[in-house]
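Asks: Predicted model, plus sequence, below.
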Amino acid sequence: MSRSMSMTPILAFDIETVPDCAGIRRLYALPEQLPDIEVAEVAFQKRRAVTGSDFLQPHLQRVVAISCVLRDADGVRIWSLGQSEDTEAALIQRFFDGLARFTPQLVSWNGGGFDLPVLNYRSLLHGIEAARYWDQGEDDRDFKWNSYLGRYHTRHLDLMDVLAMYQPRNNAPLDDVAQVAGLPGKIGVGGAGVWDAYRAGKIEEIRDYCEVDTLNTYLLYLRFQRMRGVFTLEHYQSECALVRAFVEKQPQAHWRTFLEGWHDPLLVTA
């Protein structure tokens, strides 16, 4: 028998970022007239010299998209926060305003290792207010035992971290796990292509890509709930049906592609 489903809203999320060229200029005293692509390359080269990778640290990343899947008593909704022309500060403030409004169960894939640290640093730089997120029991006693900040607390569930038993050597890419589970995996520009897409002005394509990543994460969360015994198979299937019903109503091409690639064996009935 399935445990009764909590009415606590579930919010799966993902972010996309590009190099913070303004910050990199200041950090390395680069000329203002130096083009962004060359500014970013300076940061990439410095990072490669240290780690062998050009993946920049969280404080040098600038958020250009935040996508969400919200499951609450009203159903399921998938969207990207704000508008494509919104500032980074506006997007981040919307995210934390949503946490203050709903106090949801947060779900991510590597959110503790990347997404939240980026949001933390960028919030600090922009003067973002996020009191609910930072509460550790000062305002709400429940948060003393279960906050968004505690690695082993459940108010934020980093699926990758949990499934890897908190051992980094066991971490797995979202795309791999999603595809093995019968989900579409990544669709669109891809994480490595976000910087090029951003410079080409393809913000909507980045937002589409981020939404797909977020939905892959949410569907893996549903599978996790099935594995934990929170959902019966029938409950799991009904939750997936809610998602499918929403996606089928969306006109964008990335959702058509998503449906074509969704072949979850647990949804096949005898």
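Replies: Cool, the structure landed.
Asks: Which residue ranges of this structure form strands?
Replies: Taking DSSP state E, the strands of the chain run over residues 10-19, 61-72, 75-80, 105-108, 156-158.
Asks: Could I get these in JSON lines, plus columns for mean pLDDT and mean neighbour count?
Replies: No exception for glycine: its C-beta is placed from N, CA and C like everyone else's. Shown next, in JSON lines, are the strands of the chain (pLDDT from 0 to 100; neighbours: other C-beta atoms under 10 Å):
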{"stretch": "strand 10-19", "mean pLDDT": "98", "mean neighbour count": "25"}
{"stretch": "strand 61-72", "mean pLDDT": "98", "mean neighbour count": "22"}
{"stretch": "strand 75-80", "mean pLDDT": "97", "mean neighbour count": "16"}
{"stretch": "strand 105-108", "mean pLDDT": "98", "mean neighbour count": "22"}
{"stretch": "strand 156-158", "mean pLDDT": "97", "mean neighbour count": "21"}
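Asks: can those strands go into CSV with extra columns for distance to Leu27?
Replies: Output for the strands of the chain, formatted as CSV (distance: least, C-beta to C-beta, whole Å):
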stretch, distance to Leu27
strand 10-19, 11
strand 61-72, 13
strand 75-80, 29
strand 105-108, 27
strand 156-158, 28
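Asks: Could you point out which of these sits nearest Lys46?
Replies: Nearest to Lys46 among the strands of the chain is strand 10-19 (11.6 Å), distances taken as C-beta to C-beta.
Asks: Partner strands of that closest one and their direction?
Replies: strand 61-72 (antiparallel), strand 105-108 (parallel) (DSSP bridges).
Asks: Look up phi and psi at the closest residue to Asn171 other than its chain neighbours.
Replies: Nearest residue to Asn171, sequence neighbours excluded (C-beta to C-beta, 6 or more residues apart in numbering): Ala164, at 5.0 Å. In terms of degrees, to the nearest 10, the main-chain angles of Ala164 are phi -80, psi 0.
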